[in-house]
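Trainee: Give me the fold of what follows.
(one chain, ligands or ions: 2)
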Amino acid sequence: MNCISIPDSEVVPMDEIAAGVRGLRIAFVNVFAIMHPDRSWTLIDAGLPFTASAIQNWTKKFNETPPNSILLTHGHFDHASAARDLADAWNLLIYAHPLEAPYLKGQKEYPAPNFAAGGGAMSLLSPLYPRGPVDLGNRLRLFSGEGISTLAELPGWEILHTPGHTPGHVSFFRSRDRCLIAGDAFCTTKPGSFFEAAITQPPELHEPPAYFTSDREAARKSVQLLSELNAMVVAPGHGQPLRGASLPIKLRQLVRCFDEGSGPDKKKTA
Ligand SMILES: [Zn+2]
Ligand SMILES: [Zn+2]
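Mentor: Ligands and ions are numbered 1, 2, ... in the order given. Model prediction:
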């Protein structure tokens, strides 16, 4: 398996990932809150079905006011399912990349999981996972599209189109302290063992979950792009956040793992 070991000393607590950035893990997926200098804040991703109240209770610990918006890395069920409930409760908008829109407007389902790609228990259970379509209705707004964009609600951050895991997957990067919120562009835990990963699995860099990644070559290019940011802090959708000067080198190693085709999903992109 293509993984890059990370020393435990590079794991950072979810409550203080970087200045103004904290996270909450619900079951096996993370959401993040980003505080801004004017005390407004933004929620990144919106978790599993029926987790809206857990997310709301968490945010009350550090801010009594609702966020200024919800931004989605992508529309998979484990990142977008509570978005509509939260947006209705808080009366705000949800932003995503235009290429995710069909999956978030109830128009299209994501491709069926690729069982041949392997992935342990998560893969075996994956037929049970909802693939959408999620319908965010008139709450949904779209980022401006290809390449790098910005949004007034997320000052100081760039929104990078990092497709492959899904067509409209995005990552968020703050150049001031080189903090990267990576969504599912890569994981810091074994994709096959998300359920036990957070507690018992050592931190490791991995490709995104192969059985849900629709375009592995695009996913490789996206990890390459992210490796060139020289991120000092990375906060993934699955696994623990990490901080370390060697993270860019390790991300480049992860790109080479794609190049070597050591992933179980190699033939799919041929
Ligand atoms: Zn995903
Ligand atoms: Zn995910």
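
Trainee: Distance of residue 249 relative to residue 258?
Mentor: According to CB to CB, to the nearest Å, residue 249 stands 16 Å off from residue 258. Yep, even glycine has a C-beta here, placed from its N, CA and C like the rest.

Trainee: Looking at the two, which one has more neighbours?
Mentor: Between residue 249 and residue 258, residue 258 has the larger neighbour count (other CB atoms under 10 Å), namely 22 against 13.

Trainee: ok, and the closest non-adjacent residue to that one?
Mentor: Nearest residue to residue 258 in three dimensions, chain neighbours excluded: residue 220, at 3.7 Å (CB to CB, 6 or more residues apart in numbering).

Trainee: burial of that neighbour, as a residue count?
Mentor: Other residues within reach of residue 220, judged by other CB under 10 Å, total 22.

Trainee: can you check residue 211 too?
Mentor: Other residues near residue 211 come to 22 when the count uses other CB under 10 Å.

Trainee: In a helix, it, correct?
Mentor: Yes - under DSSP: H, G, I helix; E, B strand; the rest coil, residue 211 falls within a helix.

Trainee: who touches residue 206 in this structure?
Mentor: 1-4, 186-191, 254 (CB atoms under 8 Å, 6 or more residues apart in numbering).

Trainee: meant to ask about residue 255, not that
Mentor: Residues near residue 255 by CB under 8 Å, 6+ apart: 220, 223-224, 227.

Trainee: what's the spacing between the closest residue to residue 3 other than its chain neighbours and residue 62?
Mentor: In space, and not counting its chain neighbours, residue 3 is closest to residue 204: 4.2 Å by CB to CB, 6+ apart. Going from residue 204 to residue 62 by CB to CB gives 29 Å.

Trainee: still on that earlier bit, any idea which element the residue nearest to residue 258 lies in?
Mentor: helix 216-227 (DSSP states H and E).

Trainee: Would you mind writing the CA trace of that helix as PDB?
Mentor: These are the backbone C-alpha positions of helix 216-227, laid out as PDB (Å, rounded to 0.1, in the frame of the first residue of the first chain):
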ATOM      1  CA  ARG A 216      -7.100   8.700 -10.100                       C
ATOM      2  CA  GLU A 217      -4.800  10.600 -12.600                       C
ATOM      3  CA  ALA A 218      -6.500  13.900 -11.700                       C
ATOM      4  CA  ALA A 219      -6.200  13.000  -8.000                       C
ATOM      5  CA  ARG A 220      -2.500  12.500  -8.500                       C
ATOM      6  CA  LYS A 221      -2.100  15.900 -10.200                       C
ATOM      7  CA  SER A 222      -4.100  17.500  -7.400                       C
ATOM      8  CA  VAL A 223      -1.700  16.000  -4.700                       C
ATOM      9  CA  GLN A 224       1.200  17.300  -6.800                       C
ATOM     10  CA  LEU A 225      -0.400  20.800  -6.800                       C
ATOM     11  CA  LEU A 226      -0.900  20.700  -3.100                       C
ATOM     12  CA  SER A 227       2.700  19.400  -2.500                       C
END
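
Trainee: No further queries at this time; thank you.
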